[in-house]
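J.: would you be able to build a 3D model of this:
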Amino acid sequence: MLRRILILTLAMGLSGTAASADASIASDGAVTIHPGETISVAFAGDDDLSQPKLASDTNAPSTMTFTLKAEAGLGLMLDIQSHLGVTVKYDAVMTVGRHAVHTSSCPVLAGKASFENWSDPITELKLSGFRKLDGARMVCD
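T.: Take a look at the predicted model:
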């Protein structure tokens, strides 16, 4: 079951302005975000990234905040802020037109910001399979 989250969220440390969010978290833990949206998710802890939940505090421990926004000359950019104590990898599927296709994603270092960008006209980005990386495979794929 897909829970729709209709909130105003303050993208603290990202844009400094309120962003309207119509993002969602599915029962399987997949996070869906659209251009112009911000969503913050909380995990049970560094060792349990299986079921992200909506977070209201974007700077709380064990949270990640995702903002998908248009950047002049760069296309769409996914801005990620991690407040986890571990490096995280996730799977990403982008919807372009009517087609959903896997796209690469890069590890997000513990407690750091990360950015990804695409020139494709993405209408939706689904992030799932959040998992801890031990540093053995630090590649974008």
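J.: near residue 63, how many other residues are there?
T.: Neighbours of residue 63 under the rule other C-beta atoms under 10 Å: 20. Every residue, glycine included, has its C-beta placed from N, CA and C.
J.: if I look at it, how far off is residue 99?
T.: Distance, residue 63 to residue 99, using C-beta to C-beta, to the nearest Å: 31 Å.
J.: can you give the contact residues for stretch 43-51?
T.: 29, 52-53, 62-64, 84-86, 88, 130-132 (C-beta atoms under 8 Å, 6 or more residues apart in numbering).
J.: and which of those residues is nearest to residue 113?
T.: residue 64 (10.4 Å; C-beta to C-beta).
J.: which residues does the nearest residue to the closest one once chain neighbours are set aside contact?
T.: The spatial neighbour of residue 64 that comes closest, neighbours along the chain excluded (C-beta to C-beta, 6 or more residues apart in numbering), is residue 82 at 5.1 Å. For residue 82, the contacting residues are 64, 88, 108, 109, 110, 111, 112, 113, 114, by C-beta under 8 Å, 6+ apart.
J.: rewinding a little: show me which pair in the contacts of stretch 43-51 is furthest apart.
T.: Maximum distance among the contacts of stretch 43-51 (C-beta to C-beta): 19.3 Å, for 29 and 85.
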